[in-house]
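S.K.: How does the following fold in three dimensions:
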Amino acid sequence: MTAFQTKQLKVVPQAGRIGAEIQGVQLSGDLESSILNEIKQALNEYKVVFFKGQNHLTDASQEAFATLLGEPYAHPTVPVKNNTNYIFELDSEQGAKANHWHTDVTFVPEVPKYSVLRGVTIPEVGGDTVWANTNTAYEDLPDGLKRLADKLWGIHSNEFDYAQFKQSDINVNEVTQKYRAVFESTVFKTRHPVVHVHAETGKKHLLLGGFAGKLEGYTTSESERLLSIFDSYVTRLENTVRWKWTEGDVVIWDNLATQHYAVADYGDRHRVVRRVTVGKNVPVNQENEVSRLIVKK
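M.R.: From the prediction side, this is the model:
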């Protein structure tokens, strides 16, 4: 895959199956509709797109740009950043480290469509983010596993959030515990198809990740084994792209076409990224069956 020029954008692929840098664009709430449409086309093709040198963006202008892509999506449990309308802040000093593979907010039926993430405070070394293509992961499955996955339903819950399934709670500091308490202040459980059909491309994608704790009709131990097999295809290096952040970078990804992982290898150094999430889709499988909420408490 080589760099190419669309009518108005230079698109530089960053890996063989996912990810491209888009050059020559200054993001803003006044972006021309023709450029915006080319960005959306690139998202359908590459799943995640990267923009360097967007240091001019403020919280307000990031929000203004993001709303061009869709209606703002309010996180079900975590309040927005102070003095903003829609921003979800991930501040390492407040316990927010998304260092597990996940698709955002799959514990509710209406899953966000796009995320727009801006690098605000970035450590000199470490703190990269990795994205995975969940369509090529599905396509890599042997035929027997495809047929099985097509029929399966996963149970997703925010009880399985960034806490690594709570196995390390004895080693978690007070700040992180407070963050988790907010994240799980309302517990959701949702039934999603393990394989959903993308609303725009028509391609099949695995819908799993860290919020998927169990498979319907299987015991916990059986679910763990099957989920491990399917997740191993998502996280194969062939299906991933890794981005080394600099302050002012902006990344946009198609949430229902990807999983991502924020690498927590920067120790006590400070890392802050701010996200605006927009749009929503209720996943649908090949039988046209839709996701549904099971528990809200």
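S.K.: Now do the strands in the stretch 151-297 of the chain.
M.R.: 153-157, 188-193, 195-197, 204-206, 212-215, 240-243, 250-254, 258-262, 272-281, 292-296 (DSSP state E, counting those that start in this stretch).
S.K.: so which of the ones you listed comes closest to Val49?
M.R.: Nearest to Val49 among these is strand 250-254; the distance by CB to CB comes to 5.3 Å. Just so you know, the C-beta spots here come from the backbone N, C-alpha and C atoms, and that holds for glycine as well.
S.K.: on contacts alone, who are the packing partners of the closest one?
M.R.: Applying 3 or more CB pairs under 8 Å, 6 or more residues apart in numbering; DSSP states H and E, we find strand 250-254 packed against helix 33-46, strand 48-51, strand 111-121.
S.K.: can you put those in TSV and add mean pLDDT, mean neighbour count and distance to Leu145?
M.R.: Below are these laid out as TSV (pLDDT from 0 to 100; neighbours: other CB atoms under 10 Å; distance: least, CB to CB, whole Å):
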stretch	mean pLDDT	mean neighbour count	distance to Leu145
helix 33-46	96	16	25
strand 48-51	98	23	25
strand 111-121	97	23	23
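S.K.: In a markdown table: these, plus distance to Tyr233.
M.R.: Listed next are those as a markdown table, based on distance: least, CB to CB, whole Å:
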| stretch | distance to Tyr233 |
| --- | --- |
| helix 33-46 | 19 |
| strand 48-51 | 18 |
| strand 111-121 | 20 |
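S.K.: is it true that Met62 lies in a helix?
M.R.: One correction, residue 62 is Gln, not Met. Yes: judged by DSSP: H, G, I helix; E, B strand; the rest coil, Gln62 forms part of a helix.
S.K.: how about low-confidence regions in the protein?
M.R.: Applying pLDDT under 70 to the chain picks out residues 1, 4, 95-97, 160-185.
S.K.: quick one on the thing from earlier: what about the helices and strands packed on strand 250-254, which gets the closest to Gly279?
M.R.: Closest approach to Gly279 among the helices and strands packed on strand 250-254 (CB to CB): strand 111-121, 2.8 Å.
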